[in-house]
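Asks: Need coordinates for the below:
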Amino acid sequence: MNTSESKTLGRLFGVLASPLWLLMSIPAVGNAQTTPAEGIRPEVFVSAGSGVVFLGADAEIPVRPNLGVGVGIRPWSRLGIEFEFNKNLGRSGRYGSVATTSVNAAYFFSSRRTQPYVSGGIGAFWSDQVYLFRIPLNTRLAGNVAVGAVIPVAAAICVRPEFRAYLKRDLRVFRPSIAVGYHW
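Replies: Okay, here's the model as predicted:
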């Protein structure tokens, strides 16, 4: 393995592992809170993370700060629907600016205080400067999958570490993030 590949793998590992420390370090805080009320639970959240973009088999992986917003509703204790938008900040020469939006279904493995979940959905991502075989990839539909946890830190406030991957054949976006959510 050459030095460039080592650096690329090191950066990718750092980006992917960054929210995991939160998952391991604060479950006790969530377990100390009261159990959420039953019934329909709307939530809004804002997130910050890192966006990692892959185009084809590129060795160069641009890592950019990423901000997002979302709204969700949980009509049942273990099933929710969320709408999310996020955007990589800054630009890179080849990738330009990358943004994603999606609608997702989430399954929560527990109705207790700390709630690990998996999520999946469909959405679109777009870039103002990505080309494949000289064809602009301005907007494309893509599936996405995620794993994360909802960890309450107050009666109506939670922290949500998450790893989400937007998947299209030639263009992929990986996004580890930490969100702060408010539900009522």
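
Asks: I figured N144 hits K168, correct?
Replies: No - under the criterion of Cβ atoms under 8 Å, N144 makes no contact with K168, lying 9.8 Å away. (Glycine included, C-beta is placed from N, CA and C.)

Asks: List the contacts of E43.
Replies: Contacts for E43 were tallied using Cβ atoms under 8 Å, 6 or more residues apart in numbering; they are V71, G72, I73, R74, C158, G181, Y182, H183.

Asks: Out of those residues, who's the most crowded?
Replies: Neighbour counts for those peak at C158, which has 23 neighbours (criterion: other Cβ atoms under 10 Å).

Asks: element containing that one?
Replies: strand 157-167 (DSSP states H and E).

Asks: Report the buried residues of the following helix or strand past that strand.
Replies: In the C-terminal direction, the helix or strand that comes right after strand 157-167 (DSSP H and E) is strand 171-183. By neighbour count, with 16 or more other Cβ atoms under 10 Å as the criterion, the buried positions of strand 171-183 are L171, R172, V173, F174, R175, P176, S177, I178, A179, G181, H183.

Asks: ok, now which ones touch the fifth one?
Replies: Contacts were defined as Cβ under 8 Å, 6+ apart; by that measure R175 touches G49, S50, G51, V52, N66, N86, T100, F163, R164, A165, Y166.

Asks: same thing but 7 Å
Replies: Shown here is R175, whose contacts under the criterion Cβ atoms under 7 Å, 6 or more residues apart in numbering are G49, G51, N66, N86, R164.

Asks: Go through those and name the one nearest T114.
Replies: For these, the minimum distance to T114 (Cβ to Cβ) is 19.1 Å, reached by R164.

Asks: which residues does that closest one bridge with?
Replies: In this entry, R164 is beta-bridged to A146, R175, by DSSP bridges.

Asks: least confident pick among the contacts of R175?
Replies: Across those, no position has a lower pLDDT than G51, which has 83.

Asks: burial of it, as a residue count?
Replies: By the criterion of other Cβ under 10 Å, G51 has 27 neighbours.

Asks: could I get the helix or strand it falls within in PDB with only the CA atoms?
Replies: In the assignment (DSSP H and E), G51 maps to strand 41-55. Listed in PDB are the C-alpha atoms of strand 41-55, where the atom choice follows Å, rounded to 0.1, in the frame of the first residue of the first chain:
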ATOM      1  CA  ARG A  41     -44.100  12.500  18.300                       C
ATOM      2  CA  PRO A  42     -43.100  15.200  15.800                       C
ATOM      3  CA  GLU A  43     -39.400  16.200  15.900                       C
ATOM      4  CA  VAL A  44     -37.200  18.800  14.200                       C
ATOM      5  CA  PHE A  45     -33.400  18.400  14.100                       C
ATOM      6  CA  VAL A  46     -30.200  20.100  12.900                       C
ATOM      7  CA  SER A  47     -27.000  18.200  12.200                       C
ATOM      8  CA  ALA A  48     -23.400  18.800  11.600                       C
ATOM      9  CA  GLY A  49     -21.000  16.200  10.200                       C
ATOM     10  CA  SER A  50     -18.600  15.400   7.400                       C
ATOM     11  CA  GLY A  51     -19.500  14.700   3.800                       C
ATOM     12  CA  VAL A  52     -17.300  12.200   1.900                       C
ATOM     13  CA  VAL A  53     -17.900  12.100  -1.800                       C
ATOM     14  CA  PHE A  54     -16.800   9.200  -4.100                       C
ATOM     15  CA  LEU A  55     -17.100   9.400  -7.900                       C
END
